[in-house]
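> Build me a structure from this.
(4 chains)
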Protein chains: 2
Amino acid sequence: MPDTLAGDVGFRLARAGGAAIRNLNRALARHGLRSRQYTVLVAAAETPGRSQRGLGELLGVDPSAVVAIVDDLERDGLVRREAHPVDRRTRLVVATDAGRARLVEIAGSVGEVDAALLGDLDAGERATLLDLLGRLALD
Amino acid sequence: MPDTLAGDVGFRLARAGGAAIRNLNRALARHGLRSRQYTVLVAAAETPGRSQRGLGELLGVDPSAVVAIVDDLERDGLVRREAHPVDRRTRLVVATDAGRARLVEIAGSVGEVDAALLGDLDAGERATLLDLLGRLALD
DNA sequence: TATTGTTATACTCTATAACTATA
DNA sequence: TATAGTTATAGAGTATAACAATA
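Numbers count the residues shown, from 1 in each chain, chains lettered A, B, ... in the order given. The predicted structure follows:
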């Protein structure tokens, strides 16, 4: 007996996640960013000096993809790669002033996307959703 | 001031959705299906006689992609396209006996994926998560 | 005129393997 | 031996436009 799609958490997560990415990409389009570049930029601004490997783990992105994303962001002057103080293999990704400024410009659009997605959930329900999502065993 | 990633519902949804798809694909690999084909097959088995357009809307998949997915499933004998009784433009997608049998074979693997993903959430929390996900405004 | 399915196409994303330089 | 970053590449997913048949 097959599961019903509507009652399958995995299905709904995949559906909602896809919608969230699409909505975000639509909002970011006029700011010259894609959702993956945006999340890397946010992570770099919020916790400066993460390694590329660390960024990949945090965001669920393959290390080889992180290279391309950071390349794009660096080309646009939004982040820069710095040397690790002791380990010469790793490169630390840091948001530039321009990068942080870009995030400020974008914040409104991103906020609208989230607000639209969350629709009629009240503050308590949003917190509950966030908590439950955080307790899932990803990968 | 940028949002923190950890507190962003959209980010967590995208992350969890991606993980759900990856886990499902891993489990389906030995059954010769991908997650998108699986969801179409489930939908066809659960509500027989949906139009391809209807399937696309239900699953959040572009109509042109539905064509390719149904092509694959039909080639493997898991679904068939039937004529709509009155509208000769639309083609109804119906799971075959083989398709339903395949779903039965797969059910165990899929169940494990969901169980692993949901980790330590109890029944009430799962129901809450499902409810909250269902109330999001997708697209 | 609008809609369903279809084809073609381009772009993005994902995943793997192999290489280099370091550790 | 193992790890960080990188490159190359192939395959899957996404999105758009255009067309034929039908409504």
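> Please name the nearest non-neighbouring residue to the closest residue to chain B within chain A.
Using Cβ to the nearest Cβ, the closest approach of chain A to chain B is made by A:G17 at 2.0 Å. Using the backbone N, CA and C atoms, a C-beta is placed for each residue, glycine as well. In this structure, A:G17 finds its nearest non-sequential neighbour in B:G17, 2.0 Å apart by Cβ to Cβ, 6 or more residues apart in numbering or on different chains.
> Please apply the same query to A:A27.
Nearest one to A:A27, counting by Cβ to Cβ, 6+ apart, is A:S109 at 4.3 Å.
> what about that neighbour, distance to A:L117?
13 Å (Cβ to Cβ, to the nearest Å).
> Of those two, which one has the most company?
Neighbour comparison, A:S109 and A:L117: the larger count goes to A:L117, with 20 against 15 (by other Cβ atoms under 10 Å in any protein chain shown).
> following the helix or strand containing that one, which helix or strand shows up next?
Assessed by DSSP states H and E, A:L117 sits inside helix A:97-118. Heading C-terminal from helix A:97-118, the first helix or strand you meet, by DSSP H and E, is helix A:123-134.
> Do that next one and chain B come into contact?
Yes. Helix A:123-134 lies within reach of chain B by Cβ under 8 Å from any Cβ of the partner chain, at A:E125, A:R126, A:T128, A:L129, A:L130, A:L132, A:L133, A:G134.
> out of these, who has the most neighbours?
Counting by other Cβ under 10 Å, top hit in the residues of helix A:123-134 next to chain B: A:L129 with 23 neighbours.
> So for A:A6, what pLDDT did the model give?
In this model, A:A6 is scored at 72, pLDDT.
> That one: what's it in contact with?
A:A6 makes contact with A:R12, B:G134 under the criterion Cβ atoms under 8 Å, 6 or more residues apart in numbering or on different chains.
> And it, how far from A:R100?
42 Å.
> and if you look at A:L73?
For A:L73, the distance to A:R100 - Cβ to Cβ - is 12 Å.
> Farthest-apart pair in the residues of helix A:123-134 next to chain B, please.
A:E125 and A:G134 (14.8 Å; Cβ to Cβ).
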